[in-house]
Every structure is written in C-alpha cells, then in structure tokens.
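Asks: what follows is a predicted structure for the sequence shown.
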Amino acid sequence: MNLLPKSSKEFGSVDYWEKFFQQRGKKAFEWYGSYLDLCGVLHKYIKPREKVLVIGCGNSELSEQLYDVGYQDLVNVDISEVVIKQMKERNGSRRPHMSFLKMDMTQMEFPDASFQVVLDKGTLDAVLTDEEETTLQQVDRMLAEVGRVLQVPFLSVGGDIGVRKVQHRGCSPLSGDYVIEDVLGEDRRYFRRLIFLSSRNVVQSEARLLKDASFRAQKKRKKDKKKPPPADSAEPLPPAPAQPVDKSYLCCEHHKAMIAGLALLGKPELLLETPLALLVVGLGGGSLPLFVHDHFPKCCVDAVEIDPAVLQVATQWFGFSQTDRMKVHIADGLDYITRLAGGEAQARYDVIMFDVDSKDPTLGMSCPPAAFVDRPFLQKVRSILTHEGVFILNLVCRDLGLKESVLAGLKAVFPLLYVRRIEGEVNEILFCQLRPEQKLATAELLQTAQALERTLRKPGRGWDDSYVLSEMLKAVRIV
C-alpha cells in the first residue's frame, strides 16, 4: 500500500490526509520518533500539570503515552475528520480526560491564552512544503494562532531560537530529528511553552520563520479591547519581562564561535585594554554586539540593522541598549558599507561580523544574502578592515556548489580563510584575514583562545563557565 504523496505539496492538503488515515486504518503513524525516543526531551520541557495543546496530532500514540504517565490535561487537534473519529473511538473510555477535536490550526476556536504548552511533531514540516508566498502565509497564520493561544507568548527574534538534535535509537546521521526551542533572550530560561519536533531538512527555515512570525503575532495581541489604539497607530509591544536578562550568556552556538574568532586578533592578554572598533551587520536580539560591548570595555561597536522593529524588540525584550560605545544604524548593510568604502576618510574596523539572514532562500543559501558575498562587495569590506583585523561571517548554505563558489570568492579577497562548522547545524563560521603570514596552526590557535579566555574569566567579569573558547576552535580548518 503506497501512502506517499505524488508531490510534497500534497502534505499540506486536507484530502491527502483524509485518504491517508482511511487507508492506514488503526495502525499508528509516528513521524519523527515515538514516545520512547522523545520522552527525555518532552519531560524536560513539559510539567505534568500543564495544559498542553498538540497540533496536527494524527493517529500518533505520543499523546496517549504522555497521558498514561501523568500528563492528563491534553487537547489534540487535527484537520482530518477521519483521524479525529478514530482517536475518539480509541481513547474515549480508556482516557476520558483527553480530548480530540477536528480543527484547522490556522483558525483555532480556543480563547486567547488557553494553553501553557504547544507541542508539534512534524506538522509544521507538512505545512512548509516550499517557500512560495502562499505557503509562507499559511505558516505565518499557524504561528500567529500558536502565539495567540499560549499563555506566555513566544517572542524569539534574530537568532535567539534554540535548535537541539534529538538523539534516539535508530536515528541515522542523515535523518536526525530536531527540537526548535523558543527562548526568552539569553538568560538560560527557556519558556518551555513551544516545542517543534522537526527534520533537519527544514529546521533552519522553520527557525527563521519563527523569528519573522513571532513579532507579528505579538502585534496582533490586543492588550485592551475596551480602548483600541487609533487606526493609524501601531499597537505597542507587550511589557518587558520582569527578570533581567543575563547578558553574559550566548544561547546560539554560532555566536559563540564568532566570539571565539576574536582570538585571531592576537595578543589576547592586551585585548581588554585595546580600543577595538567593531562592525556587526544584523542586530537580531542584540546578544552578539552586546556581549562584545560588555566583555571588551575599550571597544566601540557599530551595529547595522535594516528593520527598526528589530531594534525595538531587542531593546524592550532582550536587554539591549545603546551607549556612547555602541550605536545602532538603521540602514541596509550593503548601503552602509558601500558608503563607508567610498568615503575619503574610510572607517577602519578591527572586526567585521556578518550575521544577517537572506529573504530569498531559494538560491540554496539562507545566510547571508548573496549580494553580501559578491566579490566587488567583499572588496569594499576589505577596504574598511584594518590590516591586522578579522572578518567573521555566518554562512548557512546547503548547495555544495554554491558554497564552494562563496569560499573561492572569499579566498580571492581574503588570502587567509578559516572555516568552523557548527556541529549538528548547517551554519559554518568563516574567519577571514588579509595577511597569510598570520596563519596559526591548530595548536597555536587553541593556545591563543585559552589565553583570551583566561583574560575574560577574571573575577567580576561575569563570564559564563560553560563557554570554552578553545572548544569552539578545535574543529577549525584552513581553506
């Protein structure tokens, strides 16, 4: 019996799933692992007494097994009438407190803030069949509804989405499952409210869509229905969290690797007293420039962000603030660097960091936009980098041919190029320098990183003990 769709587009079709569950019958279908595979993750993030919504439940046994071990406040929804009928018949008498409802997750009938946890096992993958505009609109509606029904809204912005690999029996290296965890800033406290179990093939797209959709979802949440804002004014963001954000913590592995690249500047014992000039293109939640600003007291940071709403969220939710040593420029990074490169008195930076997403991932590269790695533009980047400096780039590229082309272009402009792959992710961090004679062997690089870490670990500096700079540079290779 062949239940596979003729095309991936059918995964988003109601008719496909009705036929699928009719033909499959009572045999459970487990997309991305069973309860035994996933229980470690689920028990970590969900408390037994919390009210949980499972979207796109299908006929998986996951909810039933959660119920049997004590998670009894479970509501399951699916768009298939066939499977909801099957699940009601299967659980009606055995699990009386668990409900199954036929419902479109893009138009759910629950009141606002009805659930403490939303759990999805593969449903977002089924919806995100491509990145056409109609598909992305459907995903956006789904995420907006998830944000609406959660008691604590999800607000991940600019790289503050946590992605963790799920290790379980029978998982091959090419078909691993992933958890997308929604994070509140960098304070090590996950919301434990939004859990997506997803394949590696779409995890990066999903994380990016979460970032894009979360802010829009919050803007739709009305704080005072009796006093709606004027039609020509935007709704305010929700109030900032009461607890302060721990600015010493970097939740993104690629941010940790980018910071570790500062060891390439040399003389690590002097960096805290060196008046470094940094340029960061792509603000996100602000954690990357904020970390540098707080740990290198003599540095000055210019951050470039194209969207003023991102700056607003970073400031209100993630503890970001501008100072006399850190300024945000609302501009297109391409235009900003082009303007600097064309000026008579060219700005000079010791460190330039690119951490900016592409809005057109169809090219096979979702970070950065292709224009940021065009050779003529890279020449402009080179012109504003000091001779001893380092250019650090977050690259997310699945197309091997395109990746080789990007690396070749970088190598043509920056003779010394190191690459550090982020384990379990698509991200690769590229460290680019102008002088080949600066090349460090792996042992030298690790020694330099250890020296920098010793300097940063001094009492009173708020260093995160779990962050080992040398570990981030062990896997570096020279192109």
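Replies: Noted; the coordinates are in hand.
Asks: list the residues that contact Phe431.
Replies: Residues in contact with Phe431 (C-beta atoms under 8 Å, 6 or more residues apart in numbering) are 261, 264, 390-392, 417-420, 476. (Each C-beta comes from the backbone N, C-alpha and C, glycine too.)
Asks: likewise Val75?
Replies: Contact partners of Val75, counting by C-beta under 8 Å, 6+ apart, are 51-54, 98-99, 101, 115.
Asks: wait, a strand at it?
Replies: Yes: assigned with DSSP: H, G, I helix; E, B strand; the rest coil, Val75 falls within a strand.
Asks: for Asp120, give me phi and psi.
Replies: Per-residue torsions, Asp120: phi -130, psi 130 (degrees, to the nearest 10).
Asks: how far away is it from Gln151?
Replies: Distance from Asp120 to Gln151, counting by C-beta to C-beta, to the nearest Å: 17 Å.
Asks: between these two, which one's more packed in?
Replies: Higher neighbour count among Asp120 and Gln151: Asp120, with 24 against 14, using other C-beta atoms under 10 Å.
Asks: greatest separation within the contacts of Phe431: which pair is it?
Replies: Distance extremes for these: the farthest pair is Phe391 and Val476 at 15.0 Å, using C-beta to C-beta.
Asks: about what we covered before: from the contacts of Phe431, pick the one nearest Val351.
Replies: For those, with Val351 as the reference and C-beta to C-beta as the criterion, the closest is Val390, at 5.7 Å.
Asks: tell me the secondary structure for that closest one?
Replies: strand.
Asks: wait, it touches Gly261, no?
Replies: Yes: Val390 lies in contact with Gly261 (C-beta atoms under 8 Å); the separation is 6.0 Å.
Asks: mind listing what's buried in stretch 411-418?
Replies: Neighbour-count burial for stretch 411-418 flags 413-414, 416-418 (criterion: 16 or more other C-beta atoms under 10 Å).
Asks: just stretch 287-300 next, same as before
Replies: Under 16+ other C-beta under 10 Å, the buried positions of stretch 287-300 are 287-296, 299-300.
Asks: need these in CSV (columns: pLDDT).
Replies: Shown next, in CSV, are the buried residues of stretch 287-300 (pLDDT from 0 to 100):
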residue, pLDDT
Ser287, 85
Leu288, 90
Pro289, 93
Leu290, 90
Phe291, 89
Val292, 91
His293, 92
Asp294, 88
His295, 89
Phe296, 91
Cys299, 94
Cys300, 96
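Asks: with respect to Asp140, which of the residues you listed is nearest?
Replies: Set against Asp140, the nearest of these by C-beta to C-beta is Ser287 (24.7 Å).
Asks: leaving out sequence neighbours, find the closest residue to Asp68.
Replies: Nearest in space to Asp68, with sequence neighbours left out and distances taken as C-beta to C-beta, 6 or more residues apart in numbering, is Arg95 at 7.7 Å.
Asks: could you do Leu334 as well?
Replies: In space, Leu334 is closest to Ala371, 5.8 Å off (C-beta to C-beta, 6+ apart).
Asks: state the mean pLDDT of the strand or helix carrying Ala144.
Replies: When elements are assigned from DSSP states H and E, Ala144 belongs to helix 133-149. For helix 133-149, the mean pLDDT works out to 83.
Asks: show me where the stretch 251-400 of the chain has its strands.
Replies: Secondary structure of the stretch 251-400 of the chain (DSSP state E, counting those that start in this stretch): strands at 277-281, 300-305, 326-330, 349-354, 365-367, 385-397.
Asks: quick one: which of those is nearest Glu428?
Replies: strand 385-397 (4.8 Å).
Asks: assign the residue of the chain most remote from its centre to helix, strand or coil.
Replies: Among the C-alpha atoms of the chain, the one most distant from their mean position (C-alpha atoms, centre = their mean) is that of Ser93, at 41.4 Å. Secondary structure assignment for Ser93 (three-state DSSP): coil.
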